[in-house]
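**Q** Requesting a structural model of the entry that follows:
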Amino acid sequence: MSRIGKHPVGIPKGVTVKIEGNKVHVKGPKGELERTIHPSMKVSMKDEQISVERPSDEANDKAMHGLSRTLVANMVEGVTKGFKKELEIIGVGYKAETRPYGLQLALGFSHPIKYEAPKGIKLSAPAPTSVIIEGANKEIVGQVAAELRSLRPPEPYKGKGIKYVGEQIRRKAGKAGGK
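**A** The predicted model follows:
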């Protein structure tokens with residue numbers, strides 16, 4: 001049984017929720033989000049709480065039940081608090097600069113990389129070696145962070161590249177040397 005799916009999602013003050021069939025529209029101080037929930041799930045709102053119900057106890061329905069509830073909870077949290085990911089740039093000459101279109105990155109290539117921020121995402125570089133990604137949609141924030149990291153993933157010998165703050169890089173020993 002899905003334990004997560006049974007818990008209702010509370011709606012804080014300042015957030016409006018509209019449910020039209022399987023479409024959930026959430027609007028709050030940090031923005032507005034819309035998502036279509038799986039057709040077999042039933043989404044309803046009572047007393048400032050959103051609840052998700054499943055049609056049967058089949059394994060697929062149980063999985064969709066917990067997923068649908070978590071997606072709705074992430075939407076509510078995103079429009080109230082927002083989501084944030086932080087990246088760290090390690091390497092001599094590697095840096096990021098905030099531009100009107102997004103970021104300009106120097107990552108050891110022969111040219112600077114221009115990364116344009118998707119709609120609803122705020123990219124900032126408070127220091128040349130750190131990048132902060134903020135937005136209301138958790139999926140898009142994570143996707144942007146993954147795309148930026150993939151431009152120059154950390155390498156295992158010196159650890160140079162872009163990594164998440166707090167990420168541990170498994171290091172390898174270099175060459176043993178001559179005779």
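**Q** need the longest helix for this structure.
**A** helix 59-80 (DSSP state H).
**Q** host element of Ile4?
**A** Secondary structure assignment for Ile4, by DSSP states H and E: helix 3-6.
**Q** moving C-terminal of that helix, what's the next helix or strand?
**A** Following helix 3-6 in sequence order, the next helix or strand is strand 9-10 (DSSP H and E).
**Q** can you give me the offset of that next one from its chain's centre?
**A** Centre-to-centre, strand 9-10 and its host chain are 20 Å apart (CA atoms, centre = their mean, to the nearest Å).
**Q** thinking again about what came up before, could you point out which element follows the longest helix of the chain?
**A** Moving on from helix 59-80 towards the C-terminus, the next helix or strand you reach (DSSP H and E) is strand 83-90.
**Q** partners of that following strand, with directions?
**A** Paired with strand 83-90 in the same sheet, following DSSP bridges, are strand 130-135 (antiparallel), strand 161-164 (antiparallel).
**Q** What are the contacting residues of the longest helix of the chain?
**A** Outside of helix 59-80, the residues that reach it under the criterion CB atoms under 8 Å, 6 or more residues apart in numbering are 1-5, 7, 9-12, 14-15, 17, 24, 26-33, 35, 37-38, 40-41, 43, 50, 52-55, 83, 135-138. All C-beta spots, glycine's among them, are computed from the backbone N, C-alpha and C.
**Q** and the angle from that helix to strand 83-90?
**A** Calculated by axes from the mean of the first three to the mean of the last three CA atoms, to 10 degrees, helix 59-80 forms an angle of 80 degrees with strand 83-90.
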